[in-house]
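Chemist: The following block contains a protein sequence and its predicted model.
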Number of protein chains: 4
Amino acid sequence: MCRFLAYLGEPVFLNELVCAPTHSLVHQSLHASEAKTETNGDGFGIGWYGEHAEPGLYRDICPAWSDENLVNLCRQVRARTFFAHVRAATGTATTRANCHPFAHGRHLFMHNGQIGGYHRIKRRLEALIPDAFYDTRRGSTDSEALFLLALANGLESDPVAAMEATCATVRGLMQEARITEAFRFTAVLTDGESLTAFRWACDGRPPSLYYRESERGLTVVSEPIDGCKEGWTIVPKGGTLRATRGSRAVVSLPRTERAAA
Amino acid sequence: MCRFLAYLGEPVFLNELVCAPTHSLVHQSLHASEAKTETNGDGFGIGWYGEHAEPGLYRDICPAWSDENLVNLCRQVRARTFFAHVRAATGTATTRANCHPFAHGRHLFMHNGQIGGYHRIKRRLEALIPDAFYDTRRGSTDSEALFLLALANGLESDPVAAMEATCATVRGLMQEARITEAFRFTAVLTDGESLTAFRWACDGRPPSLYYRESERGLTVVSEPIDGCKEGWTIVPKGGTLRATRGSRAVVSLPRTERAAA
Amino acid sequence: MCRFLAYLGEPVFLNELVCAPTHSLVHQSLHASEAKTETNGDGFGIGWYGEHAEPGLYRDICPAWSDENLVNLCRQVRARTFFAHVRAATGTATTRANCHPFAHGRHLFMHNGQIGGYHRIKRRLEALIPDAFYDTRRGSTDSEALFLLALANGLESDPVAAMEATCATVRGLMQEARITEAFRFTAVLTDGESLTAFRWACDGRPPSLYYRESERGLTVVSEPIDGCKEGWTIVPKGGTLRATRGSRAVVSLPRTERAAA
Amino acid sequence: MCRFLAYLGEPVFLNELVCAPTHSLVHQSLHASEAKTETNGDGFGIGWYGEHAEPGLYRDICPAWSDENLVNLCRQVRARTFFAHVRAATGTATTRANCHPFAHGRHLFMHNGQIGGYHRIKRRLEALIPDAFYDTRRGSTDSEALFLLALANGLESDPVAAMEATCATVRGLMQEARITEAFRFTAVLTDGESLTAFRWACDGRPPSLYYRESERGLTVVSEPIDGCKEGWTIVPKGGTLRATRGSRAVVSLPRTERAAA
């Protein structure tokens, strides 16, 4: 389990959301409230959109709470869109390449969750990633594999369909391997101008996901950063949040859950 | 606040005490029970006596829970005396040189506690350390300064008197600077053949300290490593534990507390 | 010995000067040409002026040549003034706090050189730094001590006089301690709007220092970054270069050398 | 290109061979003489046989020349068989898992060389490694892949045949992919009691390999550690050195080269 924060709106200094709030992401690296693991000390990362179409990336393996470089960067960098993530490893090594967010071309992706029994389907999952995307794999996490497979499934043109296809593929592999552990997938994706957030789990227990809209912009988080839930809306289980610069966010439920609702 | 473990006895693999137990020190780095801070993720260290009079030392800045080198070393190294420490920083940087234990010649020292208002007396405290010892200062912690000053105060010949003199000096500096925060000092010291452990605080609230004796040897810990308190004796507040290879440990109370008792 | 680069002018992406050129600073970290040590792999740092008066700082202990964060940052960050430095340690530890540049308020400082016999005068030198500045000391290098002492000597209002006073003090301490090794000081200082570079050594053998002016701005380097000396002017031994945004750089010789000339 | 050292004989402190000699491996990390790259600063590793059948392993990503833990360990650890390696990366990341030696059960393996065009055959090469061995893959290097494939090819019972089969497979994949860069393979393998060293390259230009036998034991190195070639024998191109505890080393040429000779 991890904790993350995503922002899309008017340019703000990262510091305002990542470091300064009472229950900021940096604070959550040591004291998360709504996660199974209170400590998220296995590295961290930030990704942001500056003057280029491609995002910047800063990831390191020390805990976020003690990294002076992170504080320094967050004070200096102002961005209209950015991601921040603190990691609690679930079986793969603490390396920079395993820290979120992951970047590919204009896209950033970060994940909180886990493919149950991942090591039993890792090779088959990786085998489905086409060479062009596999060549950019730098780490060994399930999260990065999900991202690369989704890219191969058309993430750039239709993120929701690509992620649904990817998750269906993973479910298929898990069933073939008779894996009984859960696949949980709370994640956010952006190209700098639009943002899609997912909250889904095969066992109906996806990690939490909240958002808040203000005149300035949209903030999407694992748990509220000010320590109170006022002003924050929870994304329902199975829900998908979509937002584009300049428009309000829209939350939709997947077909199956809509039917059930 | 930190967590530590010290051992003196028949040679054992470090792994048996540092990594393997239910509530081992490595486990405590993520989930301490009796500390103010549950997470001790700001580096760690081990010191051990092998074939030389001088101890070996391995310290690193990542959390103990994710360091494969630590696991590997603890599996291989067998020692008759060793120290292990996981750190929760109290204001100084996360560097190797600030990780415990500290080594000097044949001695190892580690500390759990804090000099209140340290930064206000740091320079005066350091000024009292003679050149010969100051030259070996590598970090910036209060703990290392205490150790070096105690060495100057005759730690090698009389550890208890040297530590009492050192703590009195620190108390004096604190009073001069009108510091109202507490000075807490739970610490262990060894030359490989004898071991001295201290549990003292100026406000009567020193960090916890336990020990257990078996046929194999003496183990001194911040908190029991098997998750239950059975078999463990707590060192009373203000108490000092002394042990020499081949003899039983002796716990004594300081003069003032003896009077009060 | 280290290698460095400073820039003052129209905003440019750091990448253009730090990573891209044939003989860029990152390349010099592995293959310096004019230094006593070809390898400068003991950490690195960049400092830059963005939207705040205080500069940003990113320093790490791995070699610059293999740090993907550095490449990423240099691609994203555009600055009107910045410093970059690759370190070859001369006796002090490889920690972030010992990496250049050093920041204090609005100032950045970096140094290539060494106080000969530093460990013999370290305590006396540090004792001369007033509390207000000493409290911000994070590392243990001679370079940071020089910077803090110069700040105490009035660096903010008159950088050249403050540095001359500081160097004279160091020379005095060295003579008292009968140190025969050299004190070499090639260094750059900025407040974001003006820049001062020094090239001096007590034995007449200061590390190299070059500069180049174009319409876009001023670049000051340890050695040319394009691998050829064309277009670059060497700062003479004992010389001081001063530049302010919008004006041409002025190089002056110190009084004594002017007399000799 | 990397530099390495292997030892098999009477127990010695690692320090005697790894750190102390004039041109020790630690010295070679900064100043190699016979390598294409003078600097081998992309991490290092040691593996040694202590009281268990499985070797100990200590690997880190900083340069060997500045790692105080390495010096400390080499002073304390005494072993009858050990490997030491300093790395110059050839395209894969600087992570602990990419540092040599690699351990699997009772075996250690380290490599100096490169599979030309590796990224173009990486997936096919990895696909040939059976699950049981692939699951233990921690890094992304060609060297680790070679080791795992050789284990699958029977390395434990016949190291020379297993390595020949592995190299032939790689050659086949390279030819299919029409790779024209060279495959160079200077490597050492041990189970603690016997040692096999290979010096081969498809273009007849394998990295250097020397050995020296004394009453105390056998030392195999990339280049002599005392800075002079006296007392050292070079392993001929295409040659294989085999040694077992208590017997003299035997160097043999491969069939094809024997025919040509």
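Modeler: That came through, no problem. Numbers count the residues shown, from 1 in each chain, chains lettered A, B, ... in the order given.

Chemist: Residue of the stretch 151-261 of chain A nearest chain D, please.
Modeler: Proximity of the stretch 151-261 of chain A to chain D (Cβ to the nearest Cβ) peaks at residue A:177, 11.7 Å away. The C-beta positions use only the backbone N, C-alpha and C, and glycine is treated the same way.

Chemist: What residues does chain A have near chain B?
Modeler: A:30, A:38-39, A:41-42, A:61-63, A:66, A:89, A:94 (Cβ under 8 Å from any Cβ of the partner chain).

Chemist: mind listing which of these are in strands?
Modeler: Using DSSP state E, no member of these falls within strands.

Chemist: Could you dump those into CSV with pLDDT and neighbour count added?
Modeler: As requested, those are arranged in CSV below (pLDDT from 0 to 100; neighbours: other Cβ atoms under 10 Å in any protein chain shown):
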residue, pLDDT, neighbour count
A:30, 89, 20
A:38, 83, 19
A:39, 91, 23
A:41, 92, 29
A:42, 93, 28
A:61, 94, 23
A:62, 93, 22
A:63, 94, 26
A:66, 91, 19
A:89, 88, 20
A:94, 92, 21
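
Chemist: of all those, which two lie farthest apart?
Modeler: A:38 and A:61 (19.4 Å; Cβ to Cβ).

Chemist: May I have the helix or strand where residue A:15 lies as CSV, with CA atoms only?
Modeler: Taking DSSP states H and E as the definition, residue A:15 sits inside helix A:14-18. Output in CSV follows, covering the C-alpha atoms of helix A:14-18 (Å, rounded to 0.1, in the frame of the first residue of the first chain):
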residue,chain,number,x,y,z
LEU,A,14,4.4,21.6,-5.2
ASN,A,15,5.2,22.5,-1.6
GLU,A,16,1.7,23.8,-1.0
LEU,A,17,0.2,20.4,-1.4
VAL,A,18,3.1,17.9,-0.9
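
Chemist: list the helices and strands it packs on?
Modeler: If you count contacts as 3 or more Cβ pairs under 8 Å, 6 or more residues apart in numbering or on different chains; DSSP states H and E, helix A:14-18 packs onto strand A:3-13, helix A:25-31, strand A:44-48, helix A:68-76, strand A:78-86.

Chemist: Worst mean pLDDT among the ones you listed?
Modeler: Lowest mean pLDDT of the helices and strands packed on helix A:14-18: helix A:25-31, a mean of 90.

Chemist: Quick check: buried residues in that one?
Modeler: Applying a neighbour-count criterion of 16 or more other Cβ atoms under 10 Å in any protein chain shown, one finds A:25-30 buried in helix A:25-31.

Chemist: same check, this time on stretch A:168-175
Modeler: Judged by neighbour count using 16+ other Cβ under 10 Å, the buried positions of stretch A:168-175 are A:169-170, A:173-174.

Chemist: do that stretch and chain D meet?
Modeler: No - figure legend: stretch A:168-175 not in contact with chain D (Cβ under 8 Å from any Cβ); closest approach 14.3 Å.

Chemist: Quick check: which element contains residue A:247?
Modeler: Going by DSSP H and E, residue A:247 is not part of any helix or strand.

Chemist: With residue C:198 as the reference, measure out to the residue of the stretch 151-261 of chain A found nearest chain C.
Modeler: Going by Cβ to the nearest Cβ, chain C is nearest to residue A:192 of the stretch 151-261 of chain A, at 12.6 Å. Counting by Cβ to Cβ, to the nearest Å, the gap from residue A:192 to residue C:198 is 43 Å.

Chemist: what sits against residue A:138?
Modeler: Counting by Cβ atoms under 8 Å, 6 or more residues apart in numbering or on different chains, residue A:138 touches A:97, A:144, D:93, D:140.

Chemist: Find the nearest non-adjacent residue to the last one, please.
Modeler: In space, not counting the residues next to it along the chain, residue D:140 is nearest to residue D:92; the distance is 5.0 Å by Cβ to Cβ, 6 or more residues apart in numbering or on different chains.

Chemist: Do you know the pLDDT at the one you found?
Modeler: pLDDT, residue D:92: 86.

Chemist: Settle this for me: it is touching residue D:139, isn't it.
Modeler: Yes - using Cβ atoms under 8 Å, residue D:92 is in contact with residue D:139, at 7.3 Å.
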